[in-house]
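> coordinates only, no sequence provided:
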């Protein structure tokens, strides 16, 4: 499969790229700064651009079969958002650009990684006092996800619990609708990457969302 990975230079994005290459996929890693991606492979292409720009995305989407997005907002943007009450708009703008560019390139399958803080069965626990800190980021993510859900794309949204840097364990599991998740729940980035890649050939979660955890 020819796969475009957005946010490929991030911790989870790099894991998706590495596992996709190991699985035999042809991967295009979309990054803003190629110096932050320390991966090299004969089946890896690095595309540079702004994920909020439909033209940049359109160039990278040519010839692709699917997209996995691990884009996120950095902590400094969260601090800025909490101080001003406004988000950077990164997630909404990048998702809107993808919705515009993907159909033109003939790409329909999109798997999006998001935060469990947006899942309906999330209880904030110790994060409740930090609600103002996370609100601008989460509002931005919600806006992007609403746009994706309203689009004609074959999307899957994966709400991962607290991400860790542990090794691949194979213990990742979808959370049942009635099960509550809190900041105590966690899952490794390696397990998340494996689950994201598995969605590419699994129609069960198409146009649906999944809460993912391991512990």
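Everything's here; your move. Here the structure is a predicted model, which means the values were calculated and not measured.

> measure residue 185 to residue 127 for me?
The spacing between residue 185 and residue 127, counted by CB to CB, to the nearest Å, is 12 Å. The way it works is simple: take the backbone N, C-alpha and C, and place the C-beta from them, glycine included.

> the bottom helix or strand of the protein by mean pLDDT?
helix 75-84 (a mean of 52; mean pLDDT, DSSP states H and E).

> circling back to that earlier point, out of residue 185 and residue 127, which sits in the busier spot?
Using other CB atoms under 10 Å as the criterion, residue 185 and residue 127 rank with residue 185 on top: 20 against 15.

> isn't the more buried one right next to residue 164, touching?
No: judged on CB atoms under 8 Å, residue 185 makes no contact with residue 164 at a distance of 10.7 Å.

> thinking again about what came up before, hmm, who's touching the helix or strand that the least confident helix or strand of the chain is followed by?
Going down the chain from helix 75-84, the next helix or strand is helix 90-104, by DSSP states H and E. Residues from elsewhere that reach helix 90-104, judged by CB atoms under 8 Å, 6 or more residues apart in numbering: 6, 51-55, 57-58, 61, 67, 69, 71-73, 77, 108, 110, 112, 137, 140-141, 143-145, 147-148, 151-153.

> how does it look with 7 Å?
Residues from elsewhere that reach helix 90-104 (CB atoms under 7 Å, 6 or more residues apart in numbering): 51-54, 57-58, 61, 67, 71, 73, 110, 140-141, 143-144, 147-148, 151-153.

> give me the buried positions along it.
Of all the residues in helix 90-104, those buried under the rule 16 or more other CB atoms under 10 Å are 90-99, 101-102.

> helices of this protein, start to end?
Along the chain, counting by DSSP state H, helices occupy 11-22, 54-61, 75-84, 90-104, 131-150, 189-198.

> okay, now residue 11: neighbour count?
A count of nearby residues for residue 11, using other CB under 10 Å, gives 13.

> which residue packs closest to it, ignoring adjacent ones?
Excluding the flanking residues, the one nearest residue 11 by CB to CB, 6 or more residues apart in numbering is residue 189, at 5.7 Å.

> that neighbour against residue 161, yeah?
No: using CB atoms under 7 Å, residue 189 is not in contact with residue 161; the gap is 11.6 Å.

> who's in contact with residue 3?
So residue 3 contacts 20, 25-27, 64-66, 68 (CB under 7 Å, 6+ apart).

> closest to residue 118 among the buried residues of helix 90-104?
The closest of the buried residues of helix 90-104 to residue 118 turns out to be residue 91 (CB to CB; 10.7 Å).

> now the closest one: closest residue in space, sequence neighbours ignored.
Leaving aside its sequence neighbours, residue 91 sits nearest to residue 144 (CB to CB, 6+ apart; 4.1 Å).

> so how far is residue 167 from that neighbour?
30 Å.

> so if I had to pick from those two, which one is more boxed in?
residue 144 (25 against 9).
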